[in-house]
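Asker: Just a sequence and a predicted model for now, questions to come.
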Amino acid sequence: MDKITAVGLDLAKQIIQVHGIDAAGHVVLRKAVRRERLLALLAQFPLCVVGMEACSGAHHWARQFKQLGHEPRLMAAEFVRPFRKSLAAKNDANDAEAICTAVVQPNMRFVSIKSVEQQALLSLHRIRQGLIEERTATINRLRGVLAEFGVVLPQSVPALQRALPTVLADAERLPAVVQRSLQLLLEHLRELELRLAAFDRQIAQHAKSSAPAQRLAALPGIGPLTASAVVATVGNAQDYRNGRQFAAWLGLVPRQYSSGGKCKLGPITRRGDAYLRALLVQGARSTLQAALRRAPARHDRLSAWIVQLAQRVGYHKTLVAIANKHARIIWALLAREQTLDLARTTTH
């Protein structure tokens, strides 16, 4: 154990596989340990690099290992997979060995370790997203049942909620058992709306009390929800070399398939955090609509660039370009701790 310089851990709920190597790359440890004994085992190791896949619980373990003095490194599973010796023989021991091999690669990309505060804030966003999905499922359930009895509801959620009480009171069109069941669904829908509003207030309160989030919220198309999500997800923006790398991490750059000196670009890669990317695209849509409605005499540099781009490449490509632009500006505001100055915003 005294010779260990790098450790690969295949995390799991109960049994965790440990793979250790020395400075020459020779295997010095292969062991499976129970979850509750892992910290005691690593406390016996000399200070070393500890590699893990960025999976459930990885950030918690990374913080624990850092307190022991080790250097934890998290990696995306897709970057670890090529280092597994046999793609046909996948097991915990082989996975831990692949993680240990990958973590010492000089050009490996690592995931930033999130703090407890970041994960707490992200949990608000994740629970909120779950409530939105549950609300959508409840609305679709209401629509589906009523459609079986010839009742078609309005498309918008507010109009649907206004129409439902009247529809449910129509005893001639709906059997009593259906009325009672749908009334329960309507009450559940109202409870979901109240819970969503409570989460929105918590997120807005955080954005209001966070200086980085306030800087981001000054950017058109970036509201409290997006600003809070960016601050919670990104952490230290200086982990990215520049705004271009940050936009690429979010999957807002074209997919490249080049060969023989010929460059071929396709649709965006859609890599990285899908939730954050969706928020940026939604914000880009509001920015584009505002720029198109604005009189030409009132355009600043950014809105003038948006209008010209929309005329040249069309609506949807402009949306992605604006989201990419917002990502780059966000990186500058966070990494350099600057405030937004639209007059100086570049448009290339």
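Answerer: Thanks, I have it.
Asker: Tell me which residues touch the closest residue in space to A159 that isn't next to it in sequence, please.
Answerer: Leaving out its chain neighbours, the residue that sits closest to A159 by CB to CB, 6 or more residues apart in numbering is L153, at 8.0 Å. Yep, even glycine has a C-beta here, placed from its N, CA and C like the rest. Taking CB atoms under 8 Å, 6 or more residues apart in numbering, we find L153 in contact with 142-143, 146, 159-160, 163-164, 167.
Asker: Make TSV from the residues you listed and add pLDDT to it.
Answerer: As requested, the contacts of L153 are arranged in TSV below (pLDDT from 0 to 100):
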residue	pLDDT
L142	93
R143	92
L146	91
A159	88
L160	87
A163	88
L164	87
V167	86
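Asker: farthest-separated two in those?
Answerer: L146 and A159 (13.9 Å; CB to CB).
Asker: Of the two, which one has the most company?
Answerer: Legend: neighbour count by other CB atoms under 10 Å for L146 and A159, higher for L146 (21 against 11).
Asker: from memory the more buried one sits against D170, does it?
Answerer: No: using CB atoms under 8 Å, L146 makes no contact with D170, being 10.3 Å away.
Asker: hey, where'd the helices end up in the stretch 201-348 of the chain?
Answerer: 211-217, 224-234, 243-249, 274-293, 301-313, 315-335 (DSSP state H, counting those that start in this stretch).
Asker: Need the contact partners of the third one.
Answerer: Spelled out, that is helix 243-249. Residues from elsewhere that reach helix 243-249, judged by CB under 8 Å, 6+ apart: 234, 237, 240, 253, 269, 271-272, 324, 327-332.
Asker: Neighbour count says what about those residues? Which are buried?
Answerer: 234, 237, 240, 253, 271-272, 324, 327-332 (16 or more other CB atoms under 10 Å).
Asker: Let's have these in JSON lines, adding distance to A62 and pLDDT.
Answerer: Formatted as JSON lines, the buried ones among the contacts of helix 243-249 follow (distance: CB to CB, whole Å; pLDDT from 0 to 100):
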{"residue": "V234", "distance to A62": "17", "pLDDT": "92"}
{"residue": "A237", "distance to A62": "19", "pLDDT": "92"}
{"residue": "Y240", "distance to A62": "19", "pLDDT": "91"}
{"residue": "V253", "distance to A62": "28", "pLDDT": "93"}
{"residue": "R271", "distance to A62": "22", "pLDDT": "88"}
{"residue": "G272", "distance to A62": "19", "pLDDT": "88"}
{"residue": "N324", "distance to A62": "30", "pLDDT": "96"}
{"residue": "A327", "distance to A62": "25", "pLDDT": "96"}
{"residue": "R328", "distance to A62": "28", "pLDDT": "95"}
{"residue": "I329", "distance to A62": "30", "pLDDT": "94"}
{"residue": "I330", "distance to A62": "25", "pLDDT": "95"}
{"residue": "W331", "distance to A62": "23", "pLDDT": "95"}
{"residue": "A332", "distance to A62": "28", "pLDDT": "93"}
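Asker: Would you reformat those residues as CSV and include distance to Q214?
Answerer: Shown next, in CSV, are the buried ones among the contacts of helix 243-249 (distance: CB to CB, whole Å):
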residue, distance to Q214
V234, 15
A237, 15
Y240, 21
V253, 28
R271, 29
G272, 24
N324, 23
A327, 18
R328, 19
I329, 15
I330, 13
W331, 17
A332, 15
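Asker: Out of these, which is nearest to E133?
Answerer: E133 lies nearest to G272 out of the buried ones among the contacts of helix 243-249, by CB to CB, at 20.6 Å.
Asker: hang on, the earlier thing: phi and psi next, for the residue nearest to A159.
Answerer: phi -90, psi 160 (degrees, to the nearest 10).
Asker: Start at 37, not 1
Answerer: Okay, residue one is now 37; in that scheme the one you just asked about reads as L189.
Asker: Pull the residues that contact the helix or strand harbouring W97.
Answerer: When elements are assigned from DSSP states H and E, W97 belongs to helix 94-103. With CB under 8 Å, 6+ apart as the test, helix 94-103 has contacts from 45, 47, 74-75, 78, 86, 88, 108, 110, 149-152, 155.
Asker: with those in mind, which one is nearest to S246?
Answerer: Nearest member of the contacts of helix 94-103 to S246, counting by CB to CB, is S151, at 13.2 Å.
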